[in-house]
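**Student:** what shape does this take:
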Amino acid sequence: QMDAEIETAIGSYLAEDSSSEARIIWNQKDAPQSPELRFLEAYISSDEGNYTSIIDCRKGFFINLKYEVIKPLNGLRIGFFMQNSEGLPICGSNDPTAWLKLEKSPGTYVSRCFFPGYTLNSGKYSIYFGADVPPYSTSLITTPK
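**Tutor:** All right, here's what the predicted structure looks like:
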């Protein structure tokens, strides 16, 4: 009984702050893009696959970026950078397949990174996305910081 009450209280607390959007969908005109690539949608999803802007730090979640390859790209690397509310870097990651220098054919793809439960402390975080190709020194596109 006590555990159920605690879970309900935590759920109510987490539901109180919904100031951030769980999902960003860019239209074709305003999307971060280059002639070869366009970002379509970015979202946080729970370990159950639901969109969420509030993360229960005890449970896992995914950071997702849906993008469109317009022209074939070799070694495309899609990544993200996370910082806390004070602007301090927390972490970043990118697609592991980029290092294989495989060609990405035109089409729609989703890049996804899983965070297990208890990875982050409570607080607010910002996520920025980017894409580049070898030699990985010049960005194709990035989201605004």
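**Student:** and the helices in this protein?
**Tutor:** 2-16 (DSSP state H).
**Student:** center of it, which residue is that?
**Tutor:** By C-alpha atoms, centre = their mean, the chain has its centre lying nearest to Ile63, at 3.3 Å.
**Student:** check contacts around that one.
**Tutor:** Shown in contact with Ile63 (C-beta atoms under 8 Å, 6 or more residues apart in numbering): Ala42, Ile44, Phe80, Met82, Arg112, Cys113, Phe115, Ile127. Quick note: C-beta positions are derived from backbone N, CA and C, even for glycine.
**Student:** redo those residues as JSON lines? Include distance to Gly92, neighbour count and pLDDT.
**Tutor:** Listed next are the contacts of Ile63 as JSON lines, based on distance: C-beta to C-beta, whole Å; neighbours: other C-beta atoms under 10 Å; pLDDT from 0 to 100:
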{"residue": "Ala42", "distance to Gly92": "15", "neighbour count": "22", "pLDDT": "94"}
{"residue": "Ile44", "distance to Gly92": "16", "neighbour count": "21", "pLDDT": "94"}
{"residue": "Phe80", "distance to Gly92": "6", "neighbour count": "19", "pLDDT": "94"}
{"residue": "Met82", "distance to Gly92": "7", "neighbour count": "17", "pLDDT": "94"}
{"residue": "Arg112", "distance to Gly92": "15", "neighbour count": "13", "pLDDT": "93"}
{"residue": "Cys113", "distance to Gly92": "9", "neighbour count": "19", "pLDDT": "94"}
{"residue": "Phe115", "distance to Gly92": "12", "neighbour count": "19", "pLDDT": "95"}
{"residue": "Ile127", "distance to Gly92": "9", "neighbour count": "17", "pLDDT": "92"}
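**Student:** these in strands, which ones?
**Tutor:** Ala42, Ile44, Phe80, Met82, Arg112, Cys113, Phe115, Ile127 (DSSP state E).
**Student:** so what pairs up with the fifth one in the strands?
**Tutor:** Counting by DSSP bridges, Arg112 is bridged to Asn64.
**Student:** hmm, it is touching Tyr67, no?
**Tutor:** No - using C-beta atoms under 8 Å, Arg112 is not in contact with Tyr67; the gap is 11.6 Å.
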